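J.: sequence plus the predicted model coming up.
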Amino acid sequence: MTYQHSYARSIADPAAFWAEQADHLAWYRKPLQTLAENADGTHQWFADGRLNSCYLALDHQIEQGRGEQTALIYDSPVTGSQQQFSYNQLCDEVARLAGLLRELGVKKGDGVIIYMPMVPQAAMAMLACARIGAVHSVVFGGFAANELALRIDDARPTLLLTASCGLEFDRVIEYKPLVDRALQLAKHQPRQVLVLQRPQARAALVEGRDLDWLEAVATASPVAPVELAAADPLYIMYTSGTTGKPKGIVRENGGNAVALSFAMRHIYGMQAGDVWWGISDVGWVVGHSLIVYGPLMNGCTTVFYEGKPIRTPDAGAYWRVVEQYRVNGLFCAPTAMRAIRKEDPDGELLRRYDLSSLRQLFLAGEKLDSSTHQWLETTSGKTVHDHWWQTETGWPVTAPCVGLDGSAARPGSSNRAVPGYHVRVLDDDGHLLGANQQGSIVIALPLPPGCSQTLWGDHQRYLDAYLKTYPGYYHTGDGGYLDEDGFVYIMGRTDDVINVSGHRLSTGEMEDLVARHPAVAECAVIGVHDEIKGQVPLALVVLKDGQDIAQAQLQSELVASVREQIGALACFNQVRVVKRLPKTRSGKILRAVLRKIADQQPYTPPSTLDDPAVLVEIEAVLASLARVG
């Protein structure tokens, strides 16, 4: 297949195109009905098909003769540990863990929260849930207790799986106190908590509620995968919402499996037996699609890495892994490569390693700047591909499609739309825009398989957030344009969710925390450009009359509040006190203007600006804005 032919067919006749792609899976019962439209504009894929995602990832691969092939490589420079699991070994571990979950009363359709570091047991937990039809929700290990509590109350899990701690290069992060605090805050209480004890910090177990993971699994009996409907949910992935309440993106079993099978083969060019390294965390969608399900369902060896791009032990860490395991394809966020470049600008550490096995690198999660792109290609000698997708889509919207001879690229572009995605650009009134005209990036319905069609427990919120703004289209929330050849250029978010090192975080939620401070009258939190992290939050604060507080003290107290409620990953550590904020006559804060001033970009004051003099004051305050590395 060629890219042009595949793309044209996928848009002209999506049902026929995806029916062919579904034939690549080992269904218990192949679907006869490929695509159906619901009355509310959402769609169903493969509704009458029956399958199991864990079976596709493990049992089916063993049946194809891959039992002794390495399925998962665990590499942990923060602990000095390395471990490999064959497909046979991984399947045995998962089957016994699934048996334990069933013994603990977890049934098909029950929710399970997984709050884990990057250890093999995190992947085993995901697959064990999939094996028995439980709906897992992985929460990034180390997330603040308040955030974990919100997800517990929304997912209402039967069981919570965690570890005693996670590890950074310079510290141990104890998870159990965070879990205990979250359960104190949460209204819903899971029946039990399964705790993986790590030697770096053993946790105290609550009698009658907590169980030791390894002890409990040791006596469990393995269970076979259960037959599920394609529309049965596989997992919930929470993403920041502009209201502060997280949105539970639901991924279905059937569409996810078909989409990831297509993506691994045709976007990333990976075949069974290849070694693939998705560099991320299982707490994010990349961890689901490109560390666990995608590679294993396609018979690849997947690398599971517990470390950082730098300081574990140095900026050559990634290249050591590539050489040691003969990695063929690699995915990471641009922020990781910017960190490596900062510490190894001339590529001296990179040149110590043999990268001959590596065919290409794929970067996504935030905008890939041209400087980093050029540096990485020049120093590595490998092709570097930018591409774009979202938690909601679950797999790439625009990408090079190297398996479909569609690897052409243009600087600044995230490549062309992947087959199945009819990407368009609309103005504020919903009119189609022509080539090189900037507007809202949308996707014409139907969305291809694998994309979320609802939110957990709140379908109306899904409709309002994604389908209401532009009827007939999925509203991505990103702005940009298409050129005359269909290459897509993403210019940034159109809402108040910012991207910090690949993590989407709500500035609205941060504003709410800042505004609670007794000295603060009003505030605006915006994302400003950062060379390493992509964006970092900046709080502009107007103090209440009569308040006499030093900026250093105010900043310290606000940073502590955000860190406690959201977590250190927000990188919130910049606060500036201003006399007033720029507003429209109706009182709306002009955040877009503030972002441009902070990033030293040209701007035109809007005609609705209440008082132009305020912009001069803001410019003076932000003139010496320090960037955070």
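T.: In hand now; what should we look at? What you see is a predicted model, and the numbers here were worked out from it, not measured in a lab.
J.: ok, which stretches of the stretch 51-200 of the chain are strands?
T.: 70-76, 81-86, 111-115, 135-138, 159-163, 165-167, 172-174, 192-196 (DSSP state E, counting those that start in this stretch).
J.: which helices and strands does the third one pack with?
T.: Secondary structure elements in contact with strand 111-115, counted by 3 or more C-beta pairs under 8 Å, 6 or more residues apart in numbering; DSSP states H and E, are helix 120-132, strand 135-138, helix 145-155, strand 159-163. Quick note: C-beta positions are derived from backbone N, CA and C, even for glycine.
J.: among those, which is nearest residue 365?
T.: strand 135-138 (16.7 Å; C-beta to C-beta).
J.: could you pull up the mean pLDDT of that closest one?
T.: Averaged over strand 135-138, pLDDT sits at 98.
J.: what lies in contact with that strand?
T.: 109-116, 122, 125-126, 129-130, 151, 155, 157, 233-238, 248, 282-283, 287-288 (C-beta atoms under 8 Å, 6 or more residues apart in numbering).
J.: just the buried ones from those residues, in PyMOL syntax?
T.: Of the contacts of strand 135-138, the buried ones go into a single PyMOL selection, burial set by 16 or more other C-beta atoms under 10 Å:
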select buried, resi 110+111+112+113+114+115+116+122+125+126+129+130+151+155+157+233+234+235+236+237+238+248+282+283+287+288
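J.: could the helices and strands packed on strand 111-115 be laid out in JSON lines, adding distance to residue 571?
T.: Converted to JSON lines, the helices and strands packed on strand 111-115 look like this (distance: least, C-beta to C-beta, whole Å):
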{"stretch": "helix 120-132", "distance to residue 571": "24"}
{"stretch": "strand 135-138", "distance to residue 571": "22"}
{"stretch": "helix 145-155", "distance to residue 571": "15"}
{"stretch": "strand 159-163", "distance to residue 571": "24"}
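J.: relative to residue 624, which of the ones you listed is closest?
T.: The nearest among those, by C-beta to C-beta, is helix 145-155 at 32.9 Å.
J.: okay, the angle between that closest one and strand 159-163?
T.: 150 degrees (axes from the mean of the first three to the mean of the last three C-alpha atoms, to 10 degrees).
J.: and helix 145-155 with strand 111-115, angle?
T.: Helix 145-155 and strand 111-115 are oriented at 160 degrees to each other (the same axes, to 10 degrees).
J.: number the chain from 27, please
T.: Right, with 27 as the first residue, what we last looked at is helix 171-181.
J.: for helix 171-181, which outside residues touch it?
T.: 137, 139, 141, 161, 163, 165, 186, 204-205, 207-209, 211-214, 216, 262, 264, 271-272, 274, 482-483, 590-593.
J.: buried ones among the residues you listed?
T.: 137, 139, 141, 161, 163, 165, 186, 204-205, 208-209, 212, 216, 262, 264, 272, 274, 482, 591-593.
J.: and the spatially closest residue to residue 446 that is not a sequence neighbour, what does it touch?
T.: The shortest distance from residue 446 to any residue other than its chain neighbours is 3.0 Å, reached at residue 474 (C-beta to C-beta, 6 or more residues apart in numbering). For residue 474, the contact set (C-beta under 8 Å, 6+ apart) comprises 36, 40, 44, 285, 444, 445, 446, 447.
J.: what does residue 155 give?
T.: 124, 127, 132, 138, 140, 161, 162, 261.
J.: same deal with residue 584?
T.: Counting by C-beta under 8 Å, 6+ apart, the residues that residue 584 touches are 539, 540, 543, 565, 567, 598, 601.
J.: read off the pLDDT value for the closest residue to residue 322 other than its chain neighbours.
T.: Nearest in space to residue 322, with sequence neighbours left out and distances taken as C-beta to C-beta, 6+ apart, is residue 83 at 3.8 Å. Confidence at residue 83, expressed as pLDDT, is 99.
J.: then residue 611?
T.: At residue 611, pLDDT is 61.
J.: go through stretch 118-132 and flag the buried ones.
T.: Within stretch 118-132, the residues that count as buried by 16+ other C-beta under 10 Å are 119, 120, 121, 122, 123, 124, 125, 126, 127, 128, 130, 132.
J.: please apply the same query to stretch 364-381.
T.: With burial defined by 16+ other C-beta under 10 Å, the residues of stretch 364-381 counted as buried are 364, 365, 366, 367, 370, 373, 375, 376, 379, 381.
J.: what about the nearest residue to the last one once chain neighbours are set aside, distance to residue 426?
T.: I take that to be residue 381. Distances taken as C-beta to C-beta, 6+ apart put residue 348 closest to residue 381, at 5.5 Å, once the chain neighbours are dropped. In this view, residue 348 and residue 426 are 20 Å apart by C-beta to C-beta, to the nearest Å.
J.: dump the buried residues of stretch 118-132 to a markdown table, plus distance to residue 583 and pLDDT.
T.: As requested, the buried residues of stretch 118-132 are exported to a markdown table (distance: C-beta to C-beta, whole Å; pLDDT from 0 to 100):
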| residue | distance to residue 583 | pLDDT |
| --- | --- | --- |
| 119 | 46 | 98 |
| 120 | 46 | 98 |
| 121 | 50 | 98 |
| 122 | 48 | 98 |
| 123 | 43 | 98 |
| 124 | 46 | 98 |
| 125 | 49 | 98 |
| 126 | 44 | 98 |
| 127 | 43 | 98 |
| 128 | 48 | 98 |
| 130 | 42 | 98 |
| 132 | 42 | 98 |
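J.: follow-up on the earlier one: of the contacts of residue 474 - the most surrounded one?
T.: residue 444 (30 neighbours; other C-beta atoms under 10 Å).
J.: can you pull the contacts of that one?
T.: 33, 289, 293, 421, 422, 423, 424, 425, 427, 474.
J.: how about 6 Å then?
T.: If you count contacts by C-beta atoms under 6 Å, 6 or more residues apart in numbering, residue 444 has them with 422, 425.
J.: returning to what we had before: correct me if wrong: the residue nearest to residue 322 contacts residue 325.
T.: No - using C-beta atoms under 6 Å, residue 83 is not in contact with residue 325, being 9.5 Å away.
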